[in-house]
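Chemist: Next comes the sequence, and after it the predicted model I'd like to discuss.
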Amino acid sequence: MNALVLGGTQFIGRALAMELVARGHAVSILTRGRLPVDYEGLHARYVADRRNAESLRQLEGKRFDAVFDVSGYGAADVRPVLEALRPGTETRYVFLSSGAVYKPFSVPLSEDAPKGENEQWGRYGTDKLAAEELLREHRSREGFALSIVRPAYVYGPGNNLYREAYLFDRLERGEAVPVPQGGTTTQFVHINDLVNLLVGIAQRAPDGETEAFNCAHPEPVGWPALVGASAAAMDVEPRFKEVDYRGVMEPREFFPFRDCTYLLDVGRAARLGLAPAIDLREGLAETYAWYRRARPRLIDPKMNRVEEALAAG
């Protein structure tokens, strides 16, 4: 398979490109050139701003069996790429969207569930949905196969967002983790499971159709259980404090996840044999081993009231 990864130097894009190389595919990546490539085996590296049509002219005339778009957040990111590549019937375009495109609901959502504005996710969700809609429009005219993947929270080695590393940081120091009170449950997906799904659906022959896949480990997880699984991976005692934050502060001011139900039905991926299988404890153990080796220096500027939340809780 001749594949192009839009991304390739951070977390999901990097893991995807490395897995494609390991499976023997001819892999090219497109990035802005701000970060080094710390792995070998690429067929080509294109340096461009995906929103800049002029810088994308180097893609004109290139043909790929699969295009993996893991760095597009909205229609403005996707349109210039489509205009430069003009994918045809020989190409499958795999777009990494998000479960944030669904309207709020309290049960696991299938791929056909209502989509639209979700106040918990704001523009992130509506922008992803706009990108999906633009891709569908182009697919109907140009005939390429389109696969849309909507993951839950992605975690694992290499995560450049301050999520599981935040939990590890506090627990290593013996500090309590403030968590939102209220019994919210959500789902997670390990990076390896997400990559396996992305590659698996791309390896099928293009058929000119549009398909969507949710991606999440099916186990619902509450915030205390998340801290407990992190502590188990570290072999330390779990320390957390539930915070009644409503009317006082926003949960993202002291916690790295949105405090909302976020459950996805993954039956469609399961029927292809591509459902996520790495449970949270196993995945966090692998992630903590990476954390100990890499000691990532991460920050989330939104979390500026952590100690205040502990005091108020």
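Modeler: Received the coordinates, thanks.

Chemist: mind showing which ranges of this protein have poor pLDDT?
Modeler: Across the chain, residues meeting the criterion (pLDDT under 70) sit at 205, 208, 313.

Chemist: tell me which residues form a beta bridge with the spatially most central residue of it?
Modeler: Averaging the C-alpha coordinates of the chain gives a centre point, and the residue nearest to it by Cα atoms, centre = their mean is residue 154 (4.9 Å). Beta-bridge partners of residue 154, counted by DSSP bridges, are residue 189.

Chemist: Please tell me how far it sits from residue 262.
Modeler: As judged by Cβ to Cβ, to the nearest Å, residue 154 and residue 262 stand 12 Å apart. (C-beta placed from N, C-alpha, C; glycine too.)

Chemist: What of residue 210?
Modeler: Distance, residue 210 to residue 262, by Cβ to Cβ: 24 Å.

Chemist: Between the two ends of stretch 151-161, how far is it?
Modeler: The stretch stretch 151-161 measures 15 Å between its terminal residues, going by Cα to Cα, to the nearest Å.

Chemist: Buried ones in it, by neighbour count?
Modeler: Counting neighbours by 16 or more other Cβ atoms under 10 Å, one finds that the buried residues in stretch 151-161 are 151, 152, 153, 154, 155, 156, 157, 158, 159.

Chemist: Domain boundaries for this structure, per the record?
Modeler: Residue ranges for the structural domains of the chain, counted by automatic domain parsing, are given in the record as 2-154+189-215, 158-187+218-262+277-312.

Chemist: When residue 210 and residue 262 are compared, which one has more neighbours?
Modeler: Neighbours around residue 210 and residue 262, counted as other Cβ atoms under 10 Å, are more numerous at residue 262. The numbers are 27 against 16.

Chemist: Find the nearest non-adjacent residue to the more buried one, please.
Modeler: Taking Cβ to Cβ, 6 or more residues apart in numbering, and ignoring the residues beside it in sequence, residue 262 has residue 186 as its nearest neighbour in space, at 4.1 Å.

Chemist: Return the distance of that neighbour relative to residue 105.
Modeler: From residue 186 to residue 105 the distance is 13 Å (Cβ to Cβ).

Chemist: do the same with residue 66
Modeler: Taken as Cβ to Cβ, the span from residue 66 to residue 105 is 32 Å.

Chemist: Next: residue 144.
Modeler: Spatial separation of residue 144 from residue 105 under the definition Cβ to Cβ is 31 Å.

Chemist: about what we covered before: neighbour count winner among residue 186 and residue 105?
Modeler: When residue 186 and residue 105 are compared on other Cβ under 10 Å, the one with more neighbours turns out to be residue 186, at 21 against 13.

Chemist: Now for residue 142: which residues touch it?
Modeler: Applying Cβ atoms under 8 Å, 6 or more residues apart in numbering to residue 142 gives the contacts 86, 87, 88.

Chemist: out of the residues you listed, who's nearest residue 279?
Modeler: When the contacts of residue 142 are compared for distance to residue 279, the smallest value, 36.3 Å, is given by residue 87; criterion: Cβ to Cβ.

Chemist: what about that closest one, neighbour count?
Modeler: Look at residue 87: counted by other Cβ under 10 Å, it has 25 neighbours.

Chemist: downstream neighbour of the longest helix along the chain in the secondary structure list?
Modeler: When the chain is scanned for its longest helix (criterion: DSSP state H), the result is helix 123-142. Next helix or strand after helix 123-142 toward the C-terminus (DSSP states H and E): strand 145-151.

Chemist: That next one pairs with which strands, and in what direction?
Modeler: In the sheet containing strand 145-151, its partner strands are strand 92-96 (parallel), strand 210-215 (parallel), by DSSP bridges.

Chemist: looking at these, which is closest to residue 204?
Modeler: Distances from residue 204 to each of those were compared using Cβ to Cβ; the shortest belongs to strand 92-96, at 7.5 Å.

Chemist: What ranges does the stretch 1-150 of the chain have for its helices?
Modeler: Applying DSSP state H, counting those that start in this stretch to the stretch 1-150 of the chain gives helices spanning 11-22, 75-85, 123-142.
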